[in-house]
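Q: Just a sequence and a predicted model for now, questions to come.
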Amino acid sequence: MLSKNQIKLIKSLSQKKNRQQLGLFTVEGIKGINEFLNSDFQLENLYTTKRIFDIVNHQVTEISEIELKKISTLKNPNTALAVFKTPKSISLKNEGLIIALDDVRDPGNLGTIIRLCDWYGVKDLVCSTNTVDCYNSKVVQATMGSLARVNVTYLDLEDYLESSKANIFGAFMDGENIYNSSLPSEGIVILGNEANGISEAISSKVERRITIPQFGKKQSTESLNVANATGIILSEFRRRTITEM
């Protein structure tokens, strides 16, 4: 049975300041939890309504469905919630293809982008300091476990780009057509805020502006969702490497 203090601590992890102070975050659902259990992330505690996880007993607390609802951030909790330790930051290797996000605020978008990076073999995702926290429960849920395999780094994006020697691409509405562009296998690709795109300060660091052209006759849609755009751009970059093989 969960104590009031345990419930209070777990629920407090819904706030970024508490996650950072305690060095903990939550993962919900069987699939997501198993992904993290099979990674280098360290488990703090696991709370489950069913004994289906093959881990040592002292880290597992069997709880009721009512208790799970008390600690869950989901409307319909799925069997288990785990608390993991936030890992120490891993230094960037600055090699291969890197995605950089400038002020992306929506948790669902960030979670999907992390999952896309995992799918397309992008090891490093760089985020500006005002991009949504990757350990936000909604982000973690949207990654479907991919957060366990993608290194997410928060930093001063302007300084990072200034010091980088890599080719720097930026996604804009008025860039060169990505389908006609020559794309390398390495470089940094920047995507911007959902409402405002890439900021002026970051735009000044971009060497090549690329765009995904519209094909609709009316062309009344203002822009693509940033996660959708990331998927198309990553597909194009990776497709060129297959063609070159």
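A: Okay, I see it. Keep in mind that this is a model prediction, so the values were computed, not measured. Numbers count the residues shown, from 1 in each chain.

Q: rest of the way, CA atoms for contacts and neighbours
A: OK.

Q: ok, now which ones touch the residue nearest in space to the middle of the chain?
A: Centroid-nearest residue in the chain: Ile114, 3.5 Å away (criterion: Cα atoms, centre = their mean). Contact analysis of Ile114 by Cα atoms under 8 Å, 6 or more residues apart in numbering lists Leu125, Thr143, Ser146, Leu147, Val150.

Q: Check the gap between the fourth one and Asn225 for me.
A: It refers to Leu147. As judged by Cα to Cα, to the nearest Å, Leu147 and Asn225 stand 21 Å apart.

Q: okay, those two: which has more neighbours?
A: Leu147 (24 against 12; other Cα atoms under 10 Å).

Q: Now the more buried one: closest residue in space that isn't a chain neighbour?
A: Ile114 (6.4 Å; Cα to Cα, 6 or more residues apart in numbering).

Q: Now do the phi/psi pair for the one you found.
A: Backbone geometry at Ile114, expressed as degrees, to the nearest 10, gives phi -60, psi -40.

Q: max-length helix in the chain?
A: Of all the segments of type helix in the chain, defined by DSSP state H, the longest one is helix 226-244.

Q: And that helix, what's buried?
A: Across helix 226-244, burial judged by 16 or more other Cα atoms under 10 Å covers Val226, Ala227, Ala229, Thr230, Gly231, Ile233, Leu234, Glu236, Phe237, Arg238.

Q: so what's the last one up against?
A: Read it as Arg238. Here Arg238 is in contact with Tyr120, Ser185 (criterion: Cα under 8 Å, 6+ apart).

Q: quick one: it from Gly121, how far?
A: Arg238 sits 9 Å away from Gly121, taking Cα to Cα as the criterion.

Q: Also Lys16?
A: With Cα to Cα as the criterion, Lys16 and Gly121 are 28 Å apart.

Q: Break this protein into its domains for me.
A: Split into domains by automatic domain parsing, the chain comes to 4-85, 97-244.

Q: mean confidence score for the strand ranked longest in the chain?
A: Of all the elements of type strand in the chain, the one with the most residues (DSSP state E) is strand 168-177. Average pLDDT, strand 168-177: 96.

Q: List the strands paired with it, with their directions.
A: Here strand 168-177 is paired, per DSSP bridges, with strand 187-192 (parallel), strand 208-211 (parallel).

Q: Between those, which one is closest to Phe172.
A: Nearest to Phe172 among the strands paired with strand 168-177 is strand 208-211 (5.4 Å), distances taken as Cα to Cα.

Q: Show residues contacting that closest one.
A: For strand 208-211, contacts defined as Cα under 8 Å, 6+ apart pick out Ile168, Phe169, Gly170, Ala171, Phe172, Met173, Asp174, Gly175, Glu176, Asn177, Ile178.

Q: Now do the buried residues in that strand.
A: Buried-residue list, strand 208-211, by 16+ other Cα under 10 Å: Arg209, Ile210, Thr211.

Q: Ile33: what's its closest spatial neighbour, skipping adjacent residues?
A: By the measure of Cα to Cα, 6+ apart, the closest residue to Ile33 outside its immediate chain neighbours is Val27, 6.0 Å from it.

Q: Please name the residues that touch that neighbour.
A: Ile33, Leu81, Ala82, Val83, Phe84, Ser137, Val140, Gln141.

Q: can we see that at 6 Å?
A: Taking Cα atoms under 6 Å, 6 or more residues apart in numbering, we find Val27 in contact with Ile33, Leu81, Ala82.

Q: which SS class is it?
A: Under the three-state scheme (DSSP: H, G, I helix; E, B strand; the rest coil), Val27 adopts strand.

Q: By mean pLDDT, flag the weakest helix or strand of this protein.
A: helix 226-244 (a mean of 89; mean pLDDT, DSSP states H and E).
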